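Visitor: only the shape, not the letters, is given here:
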């Protein structure tokens, strides 16, 4: 069971590190949330603001997570105590990271199960030729069936666990390359189909033409906050899901972490942006006004595929694309959780994966049942469910708090310290993180993080 002398695993290639890190960041939130809020807040004008915040505020924290991982060579659980053994207070967030990754998988595996289910049913033809109201009823039927919800959730968990069980190089790295490669190929095929639809130009105008009136319609404050939130949360910063991949970087042929982080953030943003090129031209070509959340993905778009020539094929490909996006995150976060078990208990990888699989399955049950048997449980008010509660704890609390912890750890003399961070981030060849940014990183970014926390609570409870 234990492996007292196990050697630290490393990636086989640089591409493995980039694809795994980007795969963790690329998720369902990118693919349906980014296109929606881009259209809501002014199209291309919003994208420019988002990119500014991504580079100026989120990117430095991504570099810090990678730096902590590469310097410590440990999981999120042990990284802080390895780099700052004298100050035990920092190591407490190792458990916060572990809890955050686990909490994410408690609801993300359920939603991934929806994607797998729709891939299967679209390919089978179950959604072909049915009426508009029947499409909505089909999704409602899936949610209301506890056995089916549990089955698809279990399949998502088994796929992610099986990949991690095979090892870092033979499983996680190799299969993530395949998943990400497949995601990109299918994405390009879907974009090519969407942009050639008659009437797609209206979707381009909605998505890509700057509309400053729309930008100001909900207030510049709401627009800026939406862009800030997307920039920070798209990279899954704060719970160590990026730190773990820094810890697997090999010592030979090292590269500075600014350049690597730019590539990861760019790939994440590219996939989100391309998702908009699939969704908006398609919706406008068929006279459908895009709306947010599950309704767009599971009701509106399946309706659209029913009217599209070869819609069964394109529908199946679309949900396969969504499944790949979801599974890339599941595999990446499962790897972070597995590494925490290995570091904490000195267990072998295989035993750690087995324990993790059982734990995640049990902990994911409340979310799966929250849409049916436990639907009367409304923890955050009327219409909310278990998923909403778990997402609130993670997105509005653990992610911003964790990002703030990583930032303070890297700039504070009571933590790892600025000099140690800078030396690690700039080790190797490539673009270097500037020492001149010290005051900006120490004071401006933490202030913005606190604003995100406060505004998040205000929007949730005071409005």
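Guide: Done, it's in. Worth saying up front: this structure is predicted, and the values here are computed from it rather than measured.
Visitor: use CA for all of it now, contacts and neighbours both
Guide: Will do.
Visitor: I figured residue 187 hits residue 322, correct?
Guide: No: applying Cα atoms under 8 Å, one finds residue 187 not in contact with residue 322, separated by 9.5 Å.
Visitor: look at the two and report which has more neighbours.
Guide: residue 322 (26 against 22; other Cα atoms under 10 Å).
Visitor: got the contact list for the more buried one?
Guide: 28, 31, 115 (Cα atoms under 8 Å, 6 or more residues apart in numbering).
Visitor: where does the chain have low pLDDT?
Guide: Low-confidence segments of the chain, defined by pLDDT under 70, span residues 1-7, 218, 290-294, 463.
Visitor: show me what counts as buried in stretch 165-177.
Guide: 165, 166, 167, 168, 169, 171, 172, 173, 174, 175, 176, 177 (16 or more other Cα atoms under 10 Å).
Visitor: any idea how far apart the tips of it sit?
Guide: Stretch 165-177 stretches 16 Å from its first residue to its last (Cα to Cα, to the nearest Å).
Visitor: cool, stretch 439-448 as well?
Guide: 14 Å.
Visitor: quick one: end-to-end distance for stretch 284-299.
Guide: Terminal-residue distance, stretch 284-299 (Cα to Cα): 15 Å.
Visitor: cool, and stretch 281-301?
Guide: End-to-end for stretch 281-301, by Cα to Cα: 12 Å.
Visitor: what lies in contact with it?
Guide: Contact partners of stretch 281-301, identified using Cα under 8 Å, 6+ apart, comprise 32-33, 36, 135-136, 139, 194-195, 197-204, 280, 304, 307.
Visitor: same question for stretch 405-413.
Guide: Contacts of stretch 405-413 (Cα under 8 Å, 6+ apart): 61, 64-65, 90, 93, 238, 415-418, 420-421, 438, 441-442, 446.
Visitor: which one of those has the most neighbours?
Guide: residue 238 (31 neighbours).
Visitor: quick check: that residue is in a helix.
Guide: No: using DSSP: H, G, I helix; E, B strand; the rest coil, the assignment for residue 238 is coil, not a helix.
Visitor: distance of it relative to residue 394?
Guide: Counting by Cα to Cα, the gap from residue 238 to residue 394 is 10 Å.
Visitor: same check, this time on residue 309
Guide: 41 Å.
Visitor: between the two, point out the one with more neighbours.
Guide: More neighbours surround residue 394 than the other of residue 309 and residue 394, with 22 against 9 (other Cα under 10 Å).
Visitor: touching, that one and residue 102? I think so.
Guide: No: if you go by Cα under 8 Å, residue 394 and residue 102 don't touch, sitting 10.0 Å apart.
Visitor: burial of the residue lying closest to residue 285 once chain neighbours are set aside, as a residue count?
Guide: Closest residue to residue 285 apart from its sequence neighbours, by Cα to Cα, 6 or more residues apart in numbering: residue 199 at 4.4 Å. Residue 199 has 17 neighbours, counted by other Cα under 10 Å.
Visitor: quick one: contacts for residue 199?
Guide: So residue 199 contacts 281, 284, 285, 286 (Cα under 8 Å, 6+ apart).
Visitor: which strand or helix spans the second one?
Guide: Per DSSP states H and E, residue 284 falls inside helix 257-285.
Visitor: show the contacting residues for residue 384.
Guide: Applying Cα under 8 Å, 6+ apart, the residues near residue 384 are 377, 378.
Visitor: please enumerate the helices of the stretch 201-350 of the chain.
Guide: 212-217, 220-233, 243-247, 257-285, 294-295, 301-307, 311-345, 349-369 (DSSP state H, counting those that start in this stretch).
Visitor: again with the stretch 51-200 of the chain
Guide: 59-72, 76-83, 92-124, 132-144, 146-165, 174-195, 200-208.
Visitor: including distance to residue 17, could the ones you listed go into TSV?
Guide: TSV is the format used below for those (distance: least, Cα to Cα, whole Å):
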stretch	distance to residue 17
helix 59-72	11
helix 76-83	17
helix 92-124	19
helix 132-144	36
helix 146-165	15
helix 174-195	10
helix 200-208	31
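Visitor: what's the closest of those to residue 390?
Guide: helix 92-124 (6.8 Å; Cα to Cα).
Visitor: helices or strands up against the closest one?
Guide: Applying 3 or more Cα pairs under 8 Å, 6 or more residues apart in numbering; DSSP states H and E, we find helix 92-124 packed against helix 76-83, helix 146-165, helix 311-345, helix 349-369, helix 386-393, helix 399-411.
Visitor: let me have the ones you listed in TSV, adding distance to residue 223 as columns.
Guide: Formatted as TSV, the helices and strands packed on helix 92-124 follow (distance: least, Cα to Cα, whole Å):
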stretch	distance to residue 223
helix 76-83	33
helix 146-165	35
helix 311-345	26
helix 349-369	31
helix 386-393	20
helix 399-411	19
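Visitor: relative to residue 228, which of those is closest?
Guide: helix 399-411 (11.3 Å).
Visitor: helices or strands next to the next helix or strand after the closest one in the packing?
Guide: Once helix 399-411 ends, the next helix or strand along the chain (criterion: DSSP H and E) is helix 418-425. Here helix 418-425 touches helix 59-72, helix 399-411, going by 3+ Cα pairs under 8 Å, 6+ apart.
Visitor: quick one: closest of these to residue 151.
Guide: Closest among those, using Cα to Cα: helix 399-411, at 29.0 Å.
Visitor: quick check: angle from the closest one to helix 386-393?
Guide: If you take axes from the mean of the first three to the mean of the last three Cα atoms, to 10 degrees, helix 399-411 sits at 20 degrees to helix 386-393.
Visitor: starting at the chain centroid, how far to helix 399-411?
Guide: Helix 399-411 has its C-alpha centroid displaced from the chain centroid by 18 Å (Cα atoms, centre = their mean, to the nearest Å).
Visitor: between it and helix 92-124, how big is the angle?
Guide: 130 degrees.
Visitor: quick one: helix 399-411 to helix 76-83, angle?
Guide: Using the same axes, to 10 degrees: helix 399-411 against helix 76-83 is 20 degrees.
Visitor: tell me the angle of helix 399-411 relative to helix 59-72?
Guide: Going by the same axes, to 10 degrees, helix 399-411 makes 60 degrees with helix 59-72.
Visitor: just the buried positions in helix 399-411, please.
Guide: In helix 399-411, counting by 16+ other Cα under 10 Å, buried: 399-411.
Visitor: ok so, going back, mind checking which of the contacts of stretch 281-301 are buried?
Guide: Using 16+ other Cα under 10 Å as the threshold, 32-33, 36, 135-136, 139, 194-195, 199-204, 280, 304 are the buried ones among the contacts of stretch 281-301.
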